[in-house]
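Colleague: Provided below are the primary sequence and the corresponding predicted coordinates.
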Amino acid sequence: MGGEILNTVTEKMLGAIAGYRRPYFESQPPYLYPPYRSTVKRSPSRPLILLPHTLSEITGPVFGYDDVKPTDCDLTRQHDGDPLGERIVVSGRLLDENSRPVAHALVELWQANAAGRYRHVVDDHDAPLDPNFTGCGRVLTDSEGRYRFVTIKPGAYPWRNHYNAWRPAHLHFSLFGIGLVQRLVTQMYFPGDPLLGYDPMYNSVPDEKARLRMISTFDWENTIPDNALAFRYDIVLRGRDATPMDSTRS
Amino acid sequence: MSLITTSSQTVGPYVKIGFESLAIEDLAPAGATGERITLTGRVLDGDGEPVNDGVVEIWQANAHGKYAHPEDAQDKPLDTAFRGFGRSLTRTDGGFRFTTIKPGAVPGPGGATQAPHIVVTVFMRGLLKHLITRVYFPDEPTNADDLVLKLVPQERRASLIAKHAPGDKAVLEWNVVVQGKDETVFFDY
């Protein structure tokens, strides 16, 4: 499998300024994962080169309230009418591996509608578009790293990866942390979805515990009586290396 | 408590829905200091086919070599008209385009200086995690001493250096080749 090299010699030689830990073994998918067919021609074949963390990597774009409208986090209020489907609250915290909240970070969300159809020219799934649903949201985390969206539970939909292939219901999340090293795009799944076992994207992550963390949990405390069910999804970005003083037990 | 980073997943074919409203192809509005440049190119897959559903994001320092970020403690001027972040959604022909300014040199590991460069992140359907690379500038003597370029085998360094467009030195051309003979150098960090 190409593109997965770890050059520790280089890492030690160049050192790292307030660098970040490398992702935990098998928590991330490989680039080449043939069961997901599109990876075959879209994965690098040469070894990746390990880059020291310089000022260019530990910094990254800073977003503010100018980039986000207060209504951007409610995907059910972006049109004149109400979208069809099951209204849900999706909330959680953005943390780093050291359990520190990632505050004032941009969270972007996009998704299919309740029928499993995206408002996109290449989606030709025979399911209805909803004139009252675009499927795009964004929000900044608060000082405790919390975020909250109101949206519609997306539907599952077929895709052409293999015979009778269906994507489990999911929300796409894009995160900017403090530094570019923390940039992450992931997908949130729903608990109890029988399609997860059949989904190559979900199963591209080697570690089972890591896979399970992509599944949100039902969140009774955040349900809105007579209005919406709720799901909780905490997202973890890479964390800073511990100080050298902590390495005595290694 | 120690947590484990959430797994990356592909942006899929419908990323435009999520990313289009925050697309920024012009990073250098009137008032931004520095040498104006256009960075343009195409994203190509392992068959040389254009990737028409990808996203290219860039991050760079301003003309003085300072990042608009609280962790850049250098005593260099910030430019309020320049944030340093761009996002371009690829066209039918795989094309992306930014108008920006040429960044200044920034510090590197161990007190060294890095040659001017732009950090590039690439997303697309079929990529389970994003690709990370850099663009450097042609005719830049400091490229020879750049610690990151030196990590790259000599024969592959050219994939990280943009070329002047014929007849227009302000236009820089640089392609992202995801896979194959002319594969771009990608970094892991």
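Modeller: Sure, I can see it.

Colleague: after the top strand by length along chain B comes which helix or strand?
Modeller: Ranked by number of residues, the top strand in chain B under DSSP state E is strand B:36-44. With elements assigned by DSSP states H and E, the helix or strand that comes after strand B:36-44 is strand B:55-59.

Colleague: Find the residue at the geometric middle of chain A.
Modeller: Geometric centre of chain A, nearest residue: A:Thr186, 2.3 Å, by CA atoms, centre = their mean.

Colleague: tell me which element it falls in.
Modeller: Here A:Thr186 is assigned to strand A:184-189, by DSSP H and E.

Colleague: so how far is that strand from its chain's centroid?
Modeller: How far strand A:184-189 lies from its chain's middle: 2 Å, per CA atoms, centre = their mean, to the nearest Å.

Colleague: Now for the closest residue to B:Leu131 other than its chain neighbours: which residues touch it?
Modeller: Excluding the flanking residues, the one nearest B:Leu131 by CB to CB, 6 or more residues apart in numbering or on different chains is B:Val122, at 4.2 Å. (Each C-beta comes from the backbone N, C-alpha and C, glycine too.) If you count contacts by CB atoms under 8 Å, 6 or more residues apart in numbering or on different chains, B:Val122 has them with B:43, B:54-57, B:130-133, B:176, B:178.

Colleague: tell me the pLDDT at B:Val122?
Modeller: At B:Val122, the pLDDT value in this model is 98.

Colleague: Note down every partner strand of the helix or strand containing it and its orientation.
Modeller: Using DSSP H and E, B:Val122 sits in strand B:117-123. Applying DSSP bridges, strand B:117-123 is found paired with strand B:55-59 (antiparallel), strand B:131-136 (antiparallel).

Colleague: Among the ones you listed, show me which one is buried the most.
Modeller: Mean neighbour count (mean count of other CB atoms under 10 Å in any protein chain shown) peaks for strand B:55-59 among those, with a mean of 25.

Colleague: gap between it and the chain center?
Modeller: With CA atoms, centre = their mean, you get 6 Å for strand B:55-59.

Colleague: CA atoms only: put it into CSV for me.
Modeller: Taking C-alpha atoms only, strand B:55-59 is exported to CSV below (Å, rounded to 0.1, in the frame of the first residue of the first chain):
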residue,chain,number,x,y,z
VAL,B,55,-11.0,21.4,-3.8
VAL,B,56,-7.6,23.1,-3.5
GLU,B,57,-7.0,25.1,-0.4
ILE,B,58,-3.9,27.3,0.1
TRP,B,59,-2.3,28.9,3.2
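
Colleague: what's the next secondary structure element after it?
Modeller: Taking DSSP H and E, what comes next after strand B:55-59 is strand B:85-89.

Colleague: Which elements pack onto that next one?
Modeller: Here strand B:85-89 touches helix B:15-19, strand B:55-59, strand B:95-101, going by 3 or more CB pairs under 8 Å, 6 or more residues apart in numbering or on different chains; DSSP states H and E.

Colleague: So which bits of that strand are buried?
Modeller: For strand B:85-89, a neighbour-count test (16 or more other CB atoms under 10 Å in any protein chain shown) marks B:85-89 as buried.

Colleague: low pLDDT regions in chain B?
Modeller: Confidence mapping of chain B against pLDDT under 70 gives the ranges B:1.

Colleague: In it, which residue is most central in space?
Modeller: Central residue of chain B (CA atoms, centre = their mean): B:Val120, 2.7 Å from the mean position.

Colleague: Could you pull up the contacting residues of it?
Modeller: B:56-58, B:132-135, B:176.

Colleague: can you rerun that using 7 Å?
Modeller: By CB atoms under 7 Å, 6 or more residues apart in numbering or on different chains, the residues touching B:Val120 are B:56, B:58, B:133-135.
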